[in-house]
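>>> show me how the following folds:
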Amino acid sequence: MKATWKGKVIAESDTTETVEGNAYFPKNAIKQEFFRPSDTHTTCPWKGIASYYDVVVDGEVNKDAAWFYPDPKEAAANIKDHVAFWRGVEVSA
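As a prediction, this is how the structure comes out:
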């Protein structure tokens with residue numbers, strides 16, 4: 001699987017976890033140079049508290065385009081240390 005935004009590959013992995021139609025990439029599969037921490041947090045009743053990254057490519061910022069659960073609830077333990085994308089980030093096989 002591959003995640004791209006603005007023509008750049010920002011994550012790539014042979015193994016992802018799919019939850020609610022979203023591909024979660026292992027954290028070590030994201031290219032750190034395209035990510036910066038965000039102060040945004042949201043809560044999912046069964047996954048827990050999500051944290052976000054802004055995706056930055058060539059100076060252009062895609063606010064909160066990546067999310068992860070640093071300490072997911074037991075029902076979502078398989079996505080611990082995994083990152084998912086939205087807001088225009090293309091995920092393909």
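
>>> from here on, contacts and neighbour counts on C-alpha atoms
Noted.

>>> surely residue 54 meets residue 39?
No. Residue 54 lies out of contact with residue 39 (CA atoms under 8 Å); the separation is 9.6 Å.

>>> with neighbour numbers in mind, choose between these two.
Of the pair residue 54 and residue 39, residue 54 is the one with more neighbours under other CA atoms under 10 Å, namely 20 against 9.

>>> gap between the closest residue in space to residue 11 that isn't next to it in sequence and residue 43?
When the adjacent residues along the chain are set aside, residue 11 lies closest to residue 30, with 4.1 Å between them (CA to CA, 6 or more residues apart in numbering). As judged by CA to CA, to the nearest Å, residue 30 and residue 43 stand 23 Å apart.

>>> what of residue 6?
28 Å.

>>> list the contacts for the residue nearest to residue 11?
Listed by CA atoms under 8 Å, 6 or more residues apart in numbering, the contact set of residue 30 reads 10-12, 83.

>>> with residue 14 instead?
If a contact means CA under 8 Å, 6+ apart, then residue 14 has residue 1 as its contacts.

>>> run a quick neighbour tally on residue 60.
Neighbours around residue 60, by other CA under 10 Å: 10.

>>> can you spell out which residues form a bridge with it?
Note on residue 60: beta-bridge partners by DSSP bridges are residue 57.

>>> thanks again, I'm all set now.
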